[in-house]
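Peer 1: What follows is a predicted protein model with its sequence.
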Amino acid sequence: MTRSSDRVTAAVRGWLEEPRSGPLVLGLCGSQGSGKSTLAGDLKTRMEAQGRRAAILSLDDLYLGRAARVELARDVHPLFATRGVPGTHDAAHGAALLDAVGAGEPVIMPRFDKARDEPANAGEAVPGSLDLLIFEGWCVGARPQQADALAVPVNALERDEDPDGIWRSHVNALLHGPYAHLNARIDRLVLLAAPGFEVVRGWRGQQEDALRASTTDAQTRVMDETALDRFVQHYERLTRYILAEMPGRADLVLRLAPDRSLRDIP
């Protein structure tokens, strides 16, 4: 990620020089396994080495726990039991955190334990008066699709388990509402653009392998290949739309090769 980090670091240095009343809120969007968390961590380290106060908020750390998602699945659609799409995060809490950071207040950043599929017991204390807040996630900054684009299923999951389009329509409505409210706090947007959705399944599998290797807890919820194949279909529609729509408006687009290296450097 070195060249990607160099590009983003150079851009952020310039953006930090722009006049603003609070910290720079940098939105960092990238599909699952694209390296956005690694890039965010490297950027934070580089900025701190230059005397800047920086912190990271991951969209993943705003995930609702299983009980809350089961309730959403019961009340709206069964597919909301699986974490991932808009609706399975506490978007209001995310907006409140960004507002507090913007006001210069200290906050506790939540953490989510993916191995347990539950929020972690403790968050991370972040001091006030930040210079940079990196907000990273797979659909950070995403916009809703046109309603007519929802009519045709994009995969077997949508065809077989959302035949009436209730799930995907609700996701789209949330992108118009609370997620638009959350994303409105972003000052600058960077996109790590995968070469296509087809590589995302492999990237996500690598993440799951790493999770499996990092824990010995019998209670962990690491996915096998069949579960992973189904899981990534939840992300397909919005990932494809982001890759088509976001490059035209992001402040910086880093186009990745299948090995996550930069495909081209303008």
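Peer 2: In hand now; what should we look at? Numbers count the residues shown, from 1 in each chain.
Peer 1: So which helix or strand of this structure has the lowest pLDDT on average?
Peer 2: Ranked by mean pLDDT, DSSP states H and E, the helix or strand of the chain with the weakest confidence is helix 200-214, at a mean of 71.
Peer 1: All the helices of the stretch 51-200 of the chain, residue numbers only.
Peer 2: Counting by DSSP state H, counting those that start in this stretch, the stretch 51-200 of the chain has helices at residues 66-75, 91-102, 156-161, 166-176, 178-183, 200-214.
Peer 1: With mean neighbour count added, can I get these in a markdown table?
Peer 2: Every C-beta, even on glycine, is put in place using the N, C-alpha and C of the backbone. What follows is the helices of the stretch 51-200 of the chain, written out as a markdown table (neighbours: other CB atoms under 10 Å):
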| stretch | mean neighbour count |
| --- | --- |
| helix 66-75 | 14 |
| helix 91-102 | 18 |
| helix 156-161 | 14 |
| helix 166-176 | 19 |
| helix 178-183 | 20 |
| helix 200-214 | 15 |
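Peer 1: Now do stretch 15-31: distance from first to last residue.
Peer 2: End-to-end distance for stretch 15-31: 24 Å, by CA to CA, to the nearest Å.
Peer 1: got the buried residues for it?
Peer 2: For stretch 15-31, the neighbour count (16 or more other CB atoms under 10 Å) marks 15, 16, 22, 23, 24, 25, 26, 27, 28, 29, 30, 31 as buried.
Peer 1: Residue 5 contacts residue 36, correct?
Peer 2: No - using CB atoms under 8 Å as the test, residue 5 is too far from residue 36 to be in contact (11.5 Å).
Peer 1: For those two, indicate the residue with more neighbours.
Peer 2: For the pair residue 5 and residue 36, the greater number of neighbours falls to residue 36 (26 against 19), based on other CB atoms under 10 Å.
Peer 1: quick revisit: so after the least confident helix or strand of the chain, what's the next helix or strand?
Peer 2: Counting by DSSP states H and E, the next helix or strand C-terminal to helix 200-214 is helix 225-245.
Peer 1: Pull out the buried positions in that following helix.
Peer 2: Under the neighbour-count criterion of 16+ other CB under 10 Å, helix 225-245 has 228, 231-243 buried.
Peer 1: How far away from the center of its chain is it?
Peer 2: Mean C-alpha position of helix 225-245 versus that of the full chain (CA atoms, centre = their mean, to the nearest Å) differs by 13 Å.
Peer 1: angle of that helix against helix 166-176?
Peer 2: Interaxial angle of helix 225-245 relative to helix 166-176 (axes from the mean of the first three to the mean of the last three CA atoms, to 10 degrees): 40 degrees.
Peer 1: Neighbouring strands - and their directions - for the very next helix or strand once past helix 225-245?
Peer 2: Going down the chain from helix 225-245, the next helix or strand is strand 252-255, by DSSP H and E. Its sheet considered, strand 252-255 pairs with strand 188-193 (parallel) by DSSP bridges.
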